[in-house]
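Q: return a 3D structure for these sequence lines:
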Amino acid sequence: MTGGMFDGFEDYRTATEDDYRRTLTGGMVVFDANVLLNLYRFNSTTRADLIKVMQSLGDSLWIPHQVMREFWRNRESVIDQLGETPRESLAKLDKARQDAEEAVRAWSNRIYLPEGERDGLLTRLNGAFQAVRHTISEQAAANAHPHDTNADTIVATLSSILGGRTGAALPPEDHDAAVVEAERRIVAKEPPGYLDKDKADADERAGDFLVWKQVLLEAERRSCDVLLVTSDVKDDWWRRAKGQLRGPRWELMAEFRRSTGHRLFMITPSELIRRADALTDVHVNPESAENIERVENIDAEPVPHDVARELVLEIDRRMAQNKATTLTSSAEHRAISEWLDDPDIGGVLDDYFHPTAAREWIEKTVLRPRLSALYGVGPHAELVSLRFQSADEIIDTVCGTDWRVEPGTLGIRPYNCIATNGVDRRYVCWGFDNYLNELLTAATQQQTEGLGRPLIVFLHLGTLPDREYLTAELDKVGVDAAYLKRELRPNPDYVG
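A: Residues are numbered from 1 along each chain as shown. So this is what the prediction gives:
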């Protein structure tokens, strides 16, 4: 008599509510470092809900030594980052207030608005900005976390929950062997952890595999199923279809079964909280799952870096073959439709998105950055085979060969930089003549002490009418002008 349909194919069985419930109560539940660190990022209600669920697990809860190591290694930087976020927001808000004030003053001057009415508008404007500023500052103070571990309530709570439930470090020789194995898996693109290949330190590159190794050893010792609760949604842990997480990678489930004889389950913390009422005795706030999901999605990339890079290169090849640099709205719509029907582009994106979201991803992640890449700026600067003159080439041509772009000053909207010859410095911006108002506004705002006369470089496709008149008019307001024919050239930094 033959076996059941799943005999030899156990890992293809979809996890049920009973599977999760049984593992939560009688198996082993592992939280990764990102979940513990995100306790600092959650609001107080969401944090309390996740802690209640962790407390309800009792001895089923277990934390690998490597998870605690990563928690302590990253705790202070997370706290610093959270403190920096409101400061950045307040700085942007202050800049927006100044810009709004300037706009009101300019408008009131043009229509000869009485000073009293203008000042009234400014008072109302400042009142609105101050109210928002006060709310941000209040929230920042309420959500602040101390560096002092003795005063940190999250550390105190985790200490009480995790006491006796944290694993030991691997012996030195086993640790070294695991690092070597992690390096082998990175080269072979074998999960987990191979997507951490860009980390500089071998021990950091091995972090995911060290967690995995410690989980395997403890599960083998306990002889039980494992539920891994993780915020890491990279493809070296998960398999997915059309952007939806479907469970652990087949390779991980098979390795877990070979090592332990049991099943591996994985779940995100947002999904765990969403099912908490059904799976545990804990009642949670219905909004907590959404709050956790928001935090999870802040830095999440739906398409793995390597896959996205290849798609950008492939789309650039298609556009270069058609000698297309930018596309009109209608041409862009047609081109994306063709790409989505192509197995080399749309077929790849099918694993991460439904068609509408795939179109949006191409527009936002490929075509918009491409505009900057054509000028040698932005994350895709090395992914376009042809580009216009780079900032360095523009500065070299219009300012002289002894001038260069000052490091860290390259910007967009409009394209601009500080140019320097080692002694003198000046602001330079460039674009087409139909962006004159934007270029002039940017240049006049940079007429500050320590910088020479601002320079606007007009890029053109051939002749530029009224060049002498334009130069003379700009000279009246203390701005210099230069003119440069825009030319496509092979990109010397191209990596395709």
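Q: can you say which helix or strand has A131 in it?
A: Using DSSP states H and E, A131 sits in helix 115-142.
Q: list the buried residues for the next helix or strand after that helix?
A: Per DSSP H and E, the first helix or strand lying C-terminal to helix 115-142 is helix 153-162. Under the neighbour-count criterion of 16 or more other C-beta atoms under 10 Å, helix 153-162 has 154-155, 157-158, 162 buried. Backbone N, C-alpha and C define where each C-beta goes, glycine included.
Q: run through who's touching the following helix or strand past helix 153-162.
A: Sequence-wise, the next helix or strand downstream of helix 153-162 (DSSP H and E) is helix 172-188. Taking contacts as C-beta atoms under 8 Å, 6 or more residues apart in numbering, the residues outside helix 172-188 that touch it are 169-170, 190-194, 196-197, 202-203, 205-206, 208-210, 213.
Q: among the residues you listed, the buried ones, what's the ChimeraX command?
A: To isolate the buried subset of the contacts of helix 172-188 in ChimeraX, counting by 16+ other C-beta under 10 Å, use the following:
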select :170,190,191,192,193,194,196,197,205,206,208,209,210,213
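Q: show me the contacts of helix 172-188 that map onto strands.
A: Among the contacts of helix 172-188, no member falls in strands (DSSP state E).
Q: which of the contacts of helix 172-188 fall in helices?
A: 202-203, 205, 208-210, 213 (DSSP state H).
Q: dump those residues into CSV; add pLDDT and distance to H380 as well.
A: Converted to CSV, the ones in helices among the contacts of helix 172-188 look like this (pLDDT from 0 to 100; distance: C-beta to C-beta, whole Å):
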residue, pLDDT, distance to H380
A202, 83, 29
D203, 86, 31
R205, 89, 25
D208, 93, 28
F209, 94, 31
L210, 96, 34
K213, 96, 37
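Q: what ranges do the strands span in the stretch 301-450 of the chain?
A: 386-387, 404-405, 415-420, 425-431 (DSSP state E, counting those that start in this stretch).
Q: need the residues that contact the second one.
A: If I follow you right, that is strand 404-405. Contacts with strand 404-405, where a contact means C-beta under 8 Å, 6+ apart, come from 391-392, 395-396, 417-421.
Q: picking up where we left off before, adding distance to H262, write the ones in helices among the contacts of helix 172-188 out as TSV.
A: Listed next are the ones in helices among the contacts of helix 172-188 as TSV, based on distance: C-beta to C-beta, whole Å:
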residue	distance to H262
A202	31
D203	29
R205	28
D208	21
F209	20
L210	21
K213	16
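Q: specify which member of the residues you listed is nearest to V428.
A: R205 (40.9 Å; C-beta to C-beta).
Q: so the closest one versus D196, what's the distance?
A: Separation of R205 from D196 (C-beta to C-beta, to the nearest Å): 5 Å.
Q: okay, now the unreliable bits of the stretch 151-300 of the chain?
A: Residues of the stretch 151-300 of the chain meeting the criterion pLDDT under 70: 242-243, 297-300.
Q: which elements pack onto whatever helix or strand V30 lives in?
A: Counting by DSSP H and E, the element that carries V30 is strand 28-31. Contact partners of strand 28-31 among helices and strands, from 3 or more C-beta pairs under 8 Å, 6 or more residues apart in numbering; DSSP states H and E: strand 61-62, helix 207-222, strand 226-229.
Q: ok, back up a step: buried residues in the helix holding A131?
A: Buried-residue list, helix 115-142, by 16+ other C-beta under 10 Å: 118, 121, 129, 133, 136, 140.
Q: re the thing from before, distance to G378, pLDDT and neighbour count for the contacts of strand 404-405 - can I get that in CSV?
A: Listed next are these as CSV, based on distance: C-beta to C-beta, whole Å; pLDDT from 0 to 100; neighbours: other C-beta atoms under 10 Å:
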residue, distance to G378, pLDDT, neighbour count
A391, 11, 89, 21
D392, 15, 90, 15
I395, 18, 95, 26
D396, 20, 94, 17
C417, 14, 92, 23
I418, 18, 94, 19
A419, 19, 95, 26
T420, 22, 94, 20
N421, 26, 93, 14
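Q: what about N109, neighbour count?
A: 10 (other C-beta atoms under 10 Å).
Q: and the gap between I136 and L90?
A: Distance of I136 to L90, given as C-beta to C-beta: 6 Å.
Q: oh, I was asking about G261
A: Noted for G261: a distance of 56 Å to L90, by C-beta to C-beta.
Q: those two: which has the busier surroundings?
A: Between G261 and L90, L90 has the larger neighbour count (other C-beta under 10 Å), namely 15 against 12.
Q: give me the helices and strands touching the strand or helix carrying that one, please.
A: Element membership for L90 (DSSP H and E) is helix 65-110. Packed against helix 65-110 by the contact rule (3+ C-beta pairs under 8 Å, 6+ apart) you find helix 33-38, helix 115-142, helix 207-222.
Q: turn those helices into TSV, columns for distance to L82.
A: Below are the helices and strands packed on helix 65-110 laid out as TSV (distance: least, C-beta to C-beta, whole Å):
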stretch	distance to L82
helix 33-38	10
helix 115-142	9
helix 207-222	22
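Q: count the neighbours of V384 for me.
A: Around V384 there are 27 residues (other C-beta under 10 Å).
Q: make 165 the first number, not 1, from now on.
A: Sounds good: first residue 165 from here, last item V548.
Q: ok, back up a step: tell me which of the buried residues of helix 279-306 is nearest to R274?
A: Looking across the buried residues of helix 279-306 and measuring by C-beta to C-beta, the closest to R274 is R282, at 11.5 Å.
Q: which residues does that closest one contact?
A: Taking C-beta under 8 Å, 6+ apart, one finds 268-269, 272 in contact with R282.
Q: restricted to buried residues, select the residues you listed in PyMOL.
A: The following PyMOL line selects those of the contacts of R282 that are buried, judged by 16+ other C-beta under 10 Å:
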select buried, resi 268+272
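Q: out of the contacts of R282, which comes closest to V393?
A: Out of the contacts of R282, the member with the shortest distance to V393 (by C-beta to C-beta) is V268, at 51.3 Å.
Q: which residues touch the closest one?
A: Neighbours of V268 in contact, by C-beta under 8 Å, 6+ apart: 282, 285-286, 289.
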